[in-house]
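Visitor: what follows is a predicted protein model with its sequence.
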Amino acid sequence: MQSFYEQIRANKVRTYFLMVSFSLLVIILGYLLGIVLVNNGFTGMIIAFFFGIIYMVLAYNQGSDWILAMSHAKPVSKKQDPFLVNTVEGLAIAAGIPTPKVYMIEEDSINAFATGKDEKHSVVCITSGARKKLSRLELEGVIAHEISHIKNRDVKVMMLAAVLVGVVVMISDIMLRSFWFSRRDERRDSGLMILIALVLALLAPLIAQIIKLAISRQREFLADASAVKLTRYPKGLADALRKIKNDTDKVVDTANRSTAHLYIENPLRHKNDWISKLFSTHPPIDERIKRLEAMM
């Protein structure tokens, strides 16, 4: 069994590989977009890069505010909940990062997430259900997991992944529209390239989403291992995950498909069909618990 240090290194390598694959997909789509629109692949790459940068800047600077607003999260002060805020402060100090702001969602389901553009502008958000149903050691494990996402720069990576998915979908939509609205003789002149562009335009959003979810799954294992490094108590997080698994309320009402990957466990896990499992934003919770128990 890997130590959590080895697990951290292995997951980082996998994540870098996935992000490079994602970027290459955007570049390929941009090139094919140029072929379809102006018969110049290089021009298409420039267009894809230009719109991608604008989209990334907006998401980077406003993304966390959008997420908190969509989640109906409210700030928590030390006066309102000294234990919660002190726990976040203590774990942030142990991780060597500035103390994140603390937010809470009024929600019976047990869950939590972290967001922000960097360590200095980060947020840890938990549900009121997590605050009520978890013991102190379990809550500490959950918060350590979220602090680890910030420390490991996961929040930035996952925001970038979401942005890249949006860029891929946007480029694919343009390609499909340009194909269907072009004249038939133009389609024949493009030949094989048009066929390739059409196939990629149809498949790209699906591929992009799968890569995004794969990144999220790997990051959860990494954050679990990093949380143990902070608390030195894997049982706390393992017990918390077990409570989340067995909780009767499995849905965070304010979560959606665009924010689900941020949570410590899938907030939309009420669906158990094979399609939902294929697009799950998290690895199997039993596997996470098993890995944590192996560290005890």
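Guide: Noted; the coordinates are in hand. Numbering: from 1, shown residues only.
Visitor: strands of the stretch 101-250 of the chain, start to end?
Guide: 101-105, 112-118, 121-127 (DSSP state E, counting those that start in this stretch).
Visitor: how about TSV for those strands, with mean pLDDT and mean neighbour count added?
Guide: Quick note: C-beta positions are derived from backbone N, CA and C, even for glycine. Shown next, in TSV, are these (pLDDT from 0 to 100; neighbours: other CB atoms under 10 Å):
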stretch	mean pLDDT	mean neighbour count
strand 101-105	98	21
strand 112-118	90	24
strand 121-127	95	24
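Visitor: tell me which of those strands lies nearest to residue 225.
Guide: Evaluated with CB to CB, the strands of the stretch 101-250 of the chain place strand 112-118 nearest to residue 225, the distance being 15.8 Å.
Visitor: ok so, going back, of the strands of the stretch 101-250 of the chain, which is nearest residue 265?
Guide: That would be strand 112-118 among the strands of the stretch 101-250 of the chain, by CB to CB, at 8.8 Å.
Visitor: residue 59: which of the strands of the stretch 101-250 of the chain is closest?
Guide: strand 112-118 (9.2 Å).
Visitor: so that closest one versus strand 101-105, what angle?
Guide: On the basis of axes from the mean of the first three to the mean of the last three CA atoms, to 10 degrees, strand 112-118 is oriented at 140 degrees to strand 101-105.
Visitor: against which helices or strands is strand 112-118 packed?
Guide: Strand 112-118 makes packing contacts with helix 41-71, strand 121-127, helix 136-151, helix 154-181 when contacts are defined by 3 or more CB pairs under 8 Å, 6 or more residues apart in numbering; DSSP states H and E.
Visitor: residues of the first one that come out buried?
Guide: Residues 41, 43-45, 47-48, 52, 56, 59, 63-64, 67-68, 71 are the ones in helix 41-71 that count as buried (16 or more other CB atoms under 10 Å).
Visitor: and these, which is closest to residue 150?
Guide: Nearest to residue 150 among these, with distances taken as CB to CB, is residue 64, at 11.2 Å.
Visitor: what pLDDT does the closest one get?
Guide: Listed pLDDT for residue 64 reads 85.
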